[in-house]
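Q: Provided below for reference: sequence and predicted model.
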Amino acid sequence: MASGTNLLSTPPPKAPSSALAAAGVYTPSADWKVTPSKPQAVLNVGSTSTAQSLAHLFSTHSIPLDVQRDSAVRFGRDSRVCLLDKTHLLPFQLNMEGYLREKFYSMLPIEEAHFFDDGYSAFGHGFSERNLETAKEDAIQARIRYRWGKTCIEGGNCRIFVGKDGRPKALVGYHSLLLSYLALEQAGYFRDNEERVEKLAHRIDYPQEDSYRVARNLLLTKQQYEKRERYSSKDKILSKPTEPHKYYELALEFEAKLRMTKEKIAEELGIPEDQIAFLTQENFHIDLEVFAGPEDVVFVHDEESAISIIEERQKKGERERPILESYLKNAHSRLDRSLAMRAKNQKAIESIGCRVVRVAGDFIGPQSEHRINFMNGLFLNDRHKPHFITNGTPSTSLNHYIKSEFLERIEAASPQLKVLFVDDQNARLPRSLGDAHGGVNCMTWIGGSTTAD
């Protein structure tokens with residue numbers, strides 16, 4: 001690669017004018033802030049009814065964690081990553097409009113083509129100015145050490161846990177990798193480390209096949225931006241380049257920058273890079289489809305398992321047929337891409353020494369109150385018994401059946417893991433899942449010194 005090319009760089013951003021710029025979001029040396037006392041362990045919850053239900057649940061099962069209503073943001077987890085040392089990592093602020101948005105979509109894996117369709121969000125609002133300012137104020141008031149990240153990782157797209165060997169591990173959604181790539185690029189990180197980009201690129205013999213497509217897309221998107229032309233269609237972005245050799249050096253550069261992005265993510269999470277699995281995504285956040293349990297077991301939602309459960313129930317539940325048909329239709333619509341992601345994600349999870357267990361934990365019905373998601377739960381590693389606290393469902397025969405099948409699979413894989421469901425007879429959680437795509441994990445964040453999270 002010729003010196004000084006920066007072929008895939010973003011056009012220089014305008015100087016930030018927000019209050020967050022003064023707070024240090026854009027400074028390259030964002031130091032830790034706030035000296036902590038030793039606050040009591042608190043689970044902050046973005047819903048009054050859910051906070052009340054969790055407090056009752058913790059009291060009933062003697063779980064040593066206080067609950068506090070977080071009145072500022074309903075889905076507060078996304079604006080911070082709660083690290084293992086009980087500090088908070090706040091994502092870099094990005095304005096995902098126009099060129100940056102198109103650039104992000106041009107890098108998505110082929111398996112994630114559904115994110116180009118209406119109704120599929122690819123990221124949340126965790127790195128918006130308003131939510132980041134709230135996360136900062138929360139940390140200050142709770143006397144929690146916090147840090148402005150150079151990377152852009154939403155809390156719902158990152159599952160951090162400790163392996164049975166005591167080593168920290170993480171599951172990170174691929175979208176956070178791409179957003180962090182854009183954040184580092186916007187902050188001038190690759191420009192300031194151009195020599196290292198070139199050295200890493202020269203060590204790569206052959207780029208991965210899909211890197212040629214991404215390189216072509218990045219170049220084309222930049223040209224379209226500069227000429228103010230219409231951006232490429234979904235079909236064009238997902239198509240393979242007819243002459244991939246033209247994008248060889250660009251592909252090398254992209255992979256080198258992606259490697260540096262992974263290094264920076266590992267540094268900010270405080271987790272070795274070889275203990276982080278980057279996962280392709282069905283949803284805008286991976287906490288809707290995967291969670292880690294004890295003993296290096298990672299539970300992953302599986303559409304084939306969901307289809308099997310639904311078809312078995314159809315033999316008995318005549319009154320439930322409309323709901324079951326809706327569940328089945330949606331499961332089949334997601335099956336092909338689920339299978340396409342399965343092997344890649346399993347390989348990534350196994351590479352950090354974990355075992356994949358497939359469960360049926362996500363069902364999309366005809367209305368929001370029929371949405372069931374058991375994956376979006378909170379893992380509490382209590383000293384006596386680990387708990388997984390997840391979304392409840394209205395009390396119906398069908399819901400009891402689906403819940404029992406989920407429990408059976410969990411207990412078979414992790415007998416020591418106690419699964420508790422938030423009592424929610426008024427179906428507020430199912431409605432929030434259907435309307436706003438968030439449940440117990442999204443609504444909660446840890447403050448204080450605790451073994452949870």
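A: Done, it's in. Numbering: from 1, shown residues only.

Q: so Ile276 touches Cys354, yeah?
A: No - counting by CB atoms under 8 Å, Ile276 does not reach Cys354; the two are 11.5 Å apart. All C-beta atoms are positioned from the backbone trio N, CA, C, and that covers glycine.

Q: Please enumerate the shared neighbours of the two.
A: Common contact partners of Ile276 and Cys354 (CB atoms under 8 Å, 6 or more residues apart in numbering): Lys169.

Q: what are the phi and psi angles of Asp85?
A: Note on Asp85: backbone dihedrals following degrees, to the nearest 10 are phi -90, psi 10.

Q: Would you confirm that it contacts Gly270?
A: Yes - counting by CB under 8 Å, Asp85 touches Gly270, with 6.9 Å between them.

Q: And these two? Which one has more around it.
A: Neighbour count, other CB atoms under 10 Å: between Asp85 and Gly270, Gly270 has more, with 14 against 9.

Q: Tell me which residues touch the closest residue to that one other than its chain neighbours, please.
A: Leaving aside its chain neighbours, Gly270 sits nearest to Leu83 (6.0 Å; criterion: CB to CB, 6 or more residues apart in numbering). Contact analysis of Leu83 by CB under 8 Å, 6+ apart lists Leu89, Ile160, Leu269, Gly270.

Q: Try it again at 10 Å.
A: By CB atoms under 10 Å, 6 or more residues apart in numbering, the contact list for Leu83 reads 89, 145-147, 158, 160, 168, 170, 268-271, 446, 453.

Q: the strands in the stretch 201-350 of the chain, which residues?
A: In the stretch 201-350 of the chain, strands defined by DSSP state E, counting those that start in this stretch lie at 276-279, 290-292, 297-301, listed in chain order.

Q: Is it possible to get JSON lines of these that adds distance to Pro244 and mean pLDDT?
A: Converted to JSON lines, these look like this (distance: least, CB to CB, whole Å; pLDDT from 0 to 100):
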{"stretch": "strand 276-279", "distance to Pro244": "23", "mean pLDDT": "98"}
{"stretch": "strand 290-292", "distance to Pro244": "32", "mean pLDDT": "97"}
{"stretch": "strand 297-301", "distance to Pro244": "32", "mean pLDDT": "98"}
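
Q: closest to Gly439 out of the ones you listed?
A: strand 290-292 (11.4 Å; CB to CB).

Q: residues of the closest one that come out buried?
A: Val290, Phe291, Ala292 (16 or more other CB atoms under 10 Å).

Q: from the residues you listed, which single one is nearest Asp66?
A: Phe291 (22.7 Å).

Q: my read: the closest one touches His301, true?
A: Yes - judged on CB atoms under 10 Å, Phe291 makes contact with His301 at a distance of 9.5 Å.

Q: Overlap in contacts, those two.
A: Common neighbours of Phe291 and His301, counting by CB under 10 Å, 6+ apart, are Val359, Gly361, Phe374, Met375.

Q: so how far is Ala187 from the residue nearest to Gly270?
A: 21 Å (CB to CB, to the nearest Å).

Q: May I have the predicted confidence score for the residue most central in space within the chain?
A: Nearest to the mean C-alpha position of the chain, counting by CA atoms, centre = their mean, stands Asn157 at 1.3 Å. The model reports Asn157 with a pLDDT of 97.
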